[in-house]
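> Can you look at this prediction? I've put the sequence above it.
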Amino acid sequence: MALSVKNNLTWLQVQRYWELLYVLVVRTLKVRYRGSILGVYWSLLNPLIMTGLYTAIFGATFASYYDNSIVNYMLAALTGLLVINFYSASTSQALSSVVGNGALLNKIRLPVSVFPVSMIAANVFQFSVGAFPLLAIMTFINSKSLVNVLALLFPFLALILVSTGIGFLVSALYVFFRDLPYFYELITFVIWISSPIFYPAAIVPKAVQPFLNLNPLSPIIESLRQITLSGSLPDLGLIWGALLSGIIILALGWTSFHIWRHQFMDLL
């Protein structure tokens, strides 16, 4: 009897969490795209423009690393930009989510973790209807395989795990350190420049590669490119590396958030 009551309470808590998450995600998307003509598809404009610029500047130089194909370099750059843009937008928005809803948390008892998660979820929806179909089309054209198209879900899942873990961490830290956004801009730039976005990973000196391998986005980008551009079956080693880094970062971020959570209300 006691176990049944406990299970019912747990189910009600989960249901309430998902309902609240849905409301917050819808609210975020409505505010973000109110009056917008293209809506979520504006998120594709920046990476497409940057891809054109990178191709014009570096395409001829780095095409040799992509089967001497300017088109392949262009697709590789676009893949990297989609990953870094998702990460940057998701984590930056999650950073201020707890503090930004401090007044609401002081009035109503809500699960604090739902706010950073809602920011990640809003960007997941945006990516799913905007960038992901484009990646799927690119992958099918290059590989002619539905297996590769379905395999795209695994590095995307790893990207979500990494972004959620970092989102938990920075949203918690921002409660204590209000100068964090300025510092986090620098961190995001370091992650961007150390990710093989507009350059192939092969040109990085061997002495520097161990440091760049600490970047959790690198295996995600390499896995997406292998699935999208190679035309061969997905590399399970790359997929597993991307997922493992995502799981580790999510665990660290959630643990930190959970440990510090009881101090939030005194500072909001």
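Thanks, I have it.

> all contacts plus neighbour counts: C-alpha atoms, from now on.
Will do.

> Contacts only, for Leu82.
47, 131 (CA atoms under 8 Å, 6 or more residues apart in numbering).

> Now do the same for it: its pLDDT.
With respect to pLDDT, Leu82 has a value of 94.

> Check the gap between it and Tyr33 for me.
Between Leu82 and Tyr33 the computed distance is 19 Å (CA to CA, to the nearest Å).

> which residues in this structure form helices?
2-33, 45-62, 70-95, 97-100, 102-107, 114-129, 131-143, 146-151, 153-176, 180-193, 209-212, 217-229, 236-260 (DSSP state H).

> can you redo those helices as CSV with distance to Leu268?
Below are those laid out as CSV (distance: least, CA to CA, whole Å):
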stretch, distance to Leu268
helix 2-33, 19
helix 45-62, 34
helix 70-95, 14
helix 97-100, 6
helix 102-107, 5
helix 114-129, 14
helix 131-143, 36
helix 146-151, 42
helix 153-176, 7
helix 180-193, 15
helix 209-212, 36
helix 217-229, 32
helix 236-260, 13
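
> Which one of these lies nearest to Tyr199?
Comparing the helices of the chain by their distance to Tyr199 (CA to CA), the top pick is helix 45-62, with 7.0 Å.

> between that closest one and helix 131-143, how big is the angle?
Interaxial angle, helix 45-62 versus helix 131-143 (axes from the mean of the first three to the mean of the last three CA atoms, to 10 degrees): 30 degrees.

> residues making contact with helix 45-62?
Helix 45-62 has contacts (CA under 8 Å, 6+ apart) with 70, 73-74, 77-78, 81-82, 85, 198-200.

> Now it: buried residues?
47-48, 50-51, 54-55, 59, 62 (16 or more other CA atoms under 10 Å).

> Go through those and say which is closest to Phe168.
For the buried residues of helix 45-62, the minimum distance to Phe168 (CA to CA) is 25.7 Å, reached by Pro47.

> got a pLDDT number for the closest one?
88.

> distance of it from Ile70?
Pro47 is 17 Å from Ile70, by CA to CA.

> circling back: tell me the one among the contacts of helix 45-62 nearest to Leu229.
Of the contacts of helix 45-62, the one sitting nearest to Leu229 (CA to CA) turns out to be Tyr73, at 9.5 Å.

> Please name the nearest non-neighbouring residue to Leu268.
Once flanking residues are discounted, Leu268 sits nearest to Gly102: 5.1 Å by CA to CA, 6 or more residues apart in numbering.

> then stretch 20-32 to CSV, C-alphas only?
Extracted C-alpha coordinates of stretch 20-32, given in CSV (Å, rounded to 0.1, in the frame of the first residue of the first chain):
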residue,chain,number,x,y,z
LEU,A,20,5.4,22.9,-16.4
LEU,A,21,8.2,22.3,-18.8
TYR,A,22,5.8,22.4,-21.8
VAL,A,23,4.3,25.7,-20.6
LEU,A,24,7.8,27.2,-20.2
VAL,A,25,9.0,26.0,-23.6
VAL,A,26,5.9,27.3,-25.4
ARG,A,27,6.2,30.7,-23.5
THR,A,28,9.9,30.9,-24.5
LEU,A,29,9.3,30.2,-28.2
LYS,A,30,6.3,32.6,-28.4
VAL,A,31,8.3,35.4,-26.8
ARG,A,32,11.3,34.7,-29.0
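
> where in the stretch 51-200 of the chain is pLDDT low?
In the predicted model, the stretch 51-200 of the chain carries no residue with pLDDT under 70.

> any idea how far Asn123 lies from Val25?
Using CA to CA, Asn123 is found at 9 Å from Val25.
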